[in-house]
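Asker: Kindly return the folded structure for what I paste below:
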Amino acid sequence: MRTVAVSPLQKIWHYTHRLICGAVILFLIAPILVIIPLSFNSVPFFTYPLEGFSLRWYEEFFLTQRWQSALSTSVLVATSVTALSTALGTPAALGLSRPRFPYRTAVLSLLITPMVVPAVITAVAIYFFYANVGLLNSYAGLVLAHTTLATPFVVVAVTATLTGFDYSLTRAASGLGATPITVLFKIILPVILPGVASGALFAFITSFDEVVISLFIASPEQRTLPMVMFSGIREEISPTIIAATAVLLLFSTVMLITVELLRRRSERLRGIRKT
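Answerer: Numbers count the residues shown, from 1 in each chain. Take a look at the predicted model:
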């Protein structure tokens, strides 16, 4: 094998690029890393150095009815949104992946509009629409509103997975007598399953973290966890909010790691299909 010589200038740029990227990442996550230790403070003040170590704020988060009710509502709504948005987004992505799909660009642009339109504008539009159809202050309205925001993430994730899909497999299966349903469940879905799972995870996170639309749509009995945190910041500053933030941060980190592992698995599957 022939080795390629690397010039000193290329080495300098290589390490400089890594240093710049590390500095940018540190700049972005430093505020989060600074406030997390405050959730273990023994006094109800945001002060450094810490007065003492305590888990009282995590106990309040996990054992108080107010926080647990909000957490249960968020999980219930996010789970429903995940199922509905996955059921809607996956067939949409399968249709958009067809080479001869008419007006593909226009339809895709319309589907991902909720990702680019400001949340306040979407919330106001949904509020006035729901006021006319009687869906305000209802779980159904909250789930449907969150599904509007979450479905584009499923469409984008599944569409990206289908980019390297080998459609000769479906033609071969059809030529051997397989029905379209059999082709879908035996050929297509096993290959794109990592993309579907990634889209579902993004949909769950989108619904779980949403606060703007929830403030417009939900009733006081349907307060989600982000709504309680938002109200707590306005009314009283308590370290319990930081404890809740730490829990959500850990949850989001686990979700993103899972998405990355699924993405790599999807790439390996597509690589196997290409060989």
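Asker: Now do the SS call for the residue most central in space within the chain.
Answerer: By C-alpha atoms, centre = their mean, the mean C-alpha position of the chain lies nearest to residue 202, the distance being 2.5 Å. Judged by DSSP: H, G, I helix; E, B strand; the rest coil, the three-state class of residue 202 is helix.
Asker: Wait, it touches residue 152, no?
Answerer: No - applying C-beta atoms under 8 Å, one finds residue 202 not in contact with residue 152, separated by 9.4 Å. C-beta: built from backbone N, CA, C; applies to glycine.
Asker: coming back round to it: list the contacts of the residue nearest to the centre of the chain.
Answerer: 150, 153, 154, 157, 259 (C-beta atoms under 8 Å, 6 or more residues apart in numbering).
Asker: now these in TSV, with neighbour count, pLDDT and distance to residue 126?
Answerer: What follows is the contacts of residue 202, written out as TSV (neighbours: other C-beta atoms under 10 Å; pLDDT from 0 to 100; distance: C-beta to C-beta, whole Å):
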residue	neighbour count	pLDDT	distance to residue 126
150	30	90	14
153	24	90	18
154	30	89	19
157	29	84	23
259	19	73	27
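Asker: can you tell me which two in those are farthest apart?
Answerer: 150 and 259 (14.2 Å; C-beta to C-beta).
Asker: Run through the stretch 101-250 of the chain and note the low-pLDDT ranges.
Answerer: 164-167, 235-236 (pLDDT under 70).
Asker: Helices of that one, start to end?
Answerer: 104-111, 113-116, 119-133, 139-162, 168-175, 180-183, 189-209, 212-217, 225-235, 239-274 (DSSP state H, counting those that start in this stretch).
Asker: which stretch among those comes nearest residue 43?
Answerer: helix 239-274 (8.5 Å).
Asker: where does residue 41 fall, phi/psi-wise?
Answerer: Phi and psi for residue 41, reported as degrees, to the nearest 10, are phi -70, psi 150.
Asker: Next: the one 4 residues further on.
Answerer: According to degrees, to the nearest 10, the main-chain angles of residue 45 amount to phi -130, psi 150.
Asker: Which pLDDT value belongs to it?
Answerer: pLDDT recorded at residue 45 is 73.
Asker: ok, it - contacts?
Answerer: Residue 45 neighbours (C-beta under 8 Å, 6+ apart): residue 51.
Asker: Look up how far residue 213 lies from the closest residue in space to residue 210 that isn't next to it in sequence.
Answerer: Of all residues not flanking residue 210 in the chain, residue 146 sits nearest, at 5.8 Å (C-beta to C-beta, 6 or more residues apart in numbering). Per C-beta to C-beta, to the nearest Å, residue 146 is found 7 Å from residue 213.
Asker: Figure out how far stretch 100-116 is from the centre of its chain.
Answerer: 20 Å (C-alpha atoms, centre = their mean, to the nearest Å).
Asker: Any buried residues in that stretch, and which?
Answerer: By neighbour count on 16 or more other C-beta atoms under 10 Å, the buried set for stretch 100-116 is 108, 111, 112, 114.
Asker: Report the separation between the two terminal residues of it.
Answerer: In stretch 100-116, first residue to last residue: 26 Å (C-alpha to C-alpha, to the nearest Å).
Asker: can you list contacts of it?
Answerer: Stretch 100-116 is contacted from outside by 92, 95, 96, 122, 148, 149, 151, 152, 153, 155, 156, 159, using C-beta under 8 Å, 6+ apart.
Asker: distance of the fifth one from residue 186?
Answerer: Using C-beta to C-beta, we find residue 148 at a distance of 32 Å from residue 186.
Asker: got the phi/psi numbers for residue 179?
Answerer: phi -80, psi 160.
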